[in-house]
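Undergrad: the sequence isn't on hand, but the structure is:
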Ligand code: C5P
């Protein structure tokens, strides 16, 4: 069976990673969460007190940073320079700074270079903001996942509560809206639906329905 490349883009907290992981598992493909790569650099920059307004310093830091994504029984693990940072990169400090770090051209060029390399052999599900437009512009299947901001905030809130994390739904909504604004309005590779991407509004769909929709599109291509 042909091993295709699947690009899943969309705004913050639209369920991209949940869906991408399930699709990758069903197909025995590799799943690459590109947001985790930008989060990893942001985490290391904050930890090393690198000025987030200094593009050159961030680009240099990235050149000296090893980021590894590994599938495990407990979901995807993220390692920065050999240290497991899977939980740390999801904290609010990283979440609220990552869109600053990801706006810089030299940072994005290096990230995209690494991501293209990861995708080159096919059999991959990659999620992010610019996968269909810049990382794999010739992907066999491109999905743009959407959901209303209220629905996205509610999903993230429920996820936080189920994990026992403190959560304020209004604050979550504001943070999601701000991140979408920064990611959509940046100059370099802004969040955009690729012209040939298939848009899927998941506001009134559950995870299984979204997965079924995408698997149907996959089977048309393999
Ligand atoms: O997907 P996630 O919410 O973890 O992404 C975190 C941030 O990383 C996004 O808000 C965006 O600023 C950046 N990002 C990006 N391009 C990607 C993936 C993520 O700019 N392909």
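TA: Arrived safely. Quantities reported herein were computed from a predicted structural model and do not represent experimental measurements. Numbers count the residues shown, from 1 in each chain.
Undergrad: ok, residue 177 to the ligand distance?
TA: Taking CB to the nearest ligand atom, to the nearest Å as the measure, residue 177 falls 12 Å from the ligand. In short, each C-beta sits where N, CA and C put it, glycine included.
Undergrad: cool, residue 88 as well?
TA: Residue 88 sits 13 Å away from the ligand, going by CB to the nearest ligand atom.
Undergrad: let's see the pLDDT reported for that residue.
TA: pLDDT recorded at residue 88 is 96.
Undergrad: quick one, what contacts it?
TA: The neighbourhood of residue 88, defined by CB atoms under 8 Å, 6 or more residues apart in numbering, consists of 43, 94.
Undergrad: try the one 4 residues further on
TA: Neighbour list for residue 92: residue 175 [criterion: CB under 8 Å, 6+ apart].
Undergrad: tell me the pLDDT of it.
TA: For residue 92, pLDDT reads 90.
Undergrad: and what of residue 41?
TA: At residue 41, pLDDT is 99.
Undergrad: same for the longest helix belonging to the chain, what does it pack against?
TA: In terms of residue count, the longest helix belonging to the chain (DSSP state H) is helix 169-185. Applying 3 or more CB pairs under 8 Å, 6 or more residues apart in numbering; DSSP states H and E, we find helix 169-185 packed against helix 92-95, helix 98-101, helix 149-162.
Undergrad: what's the angle between it and helix 149-162?
TA: 120 degrees (axes from the mean of the first three to the mean of the last three CA atoms, to 10 degrees).
Undergrad: ok, back up a step: go through the helices and strands packed on helix 169-185 and name the closest to the ligand.
TA: With CB to the nearest ligand atom, the closest approach to the ligand among the helices and strands packed on helix 169-185 belongs to helix 98-101: 3.9 Å.
Undergrad: for residue 72, give its distance to the ligand.
TA: Counting by CB to the nearest ligand atom - residue 72 and the ligand are separated by 18 Å.
Undergrad: now for that residue: which residues touch it?
TA: Going by CB under 8 Å, 6+ apart, residue 72 touches no other residue.
Undergrad: re earlier: for the very next helix or strand once past the longest helix of the chain, what is the distance to the chain centroid?
TA: Where DSSP states H and E defines the elements, the next helix or strand beyond helix 169-185 is strand 198-201. Mean-position distance between strand 198-201 and its chain equals 17 Å (CA atoms, centre = their mean, to the nearest Å).
Undergrad: circling back to that earlier point, what residues of the longest helix of the chain count as buried?
TA: Going by neighbour count (16 or more other CB atoms under 10 Å), the buried part of helix 169-185 is 172-173, 175-176, 179-180, 182-183.
Undergrad: ends of stretch 182-191, what's the gap?
TA: Chord length of stretch 182-191, first to last residue, is 9 Å (CA to CA, to the nearest Å).
Undergrad: for stretch 89-102, same thing?
TA: 14 Å.
Undergrad: how far off centre is that stretch?
TA: That offset, for stretch 89-102, works out to 12 Å (CA atoms, centre = their mean).
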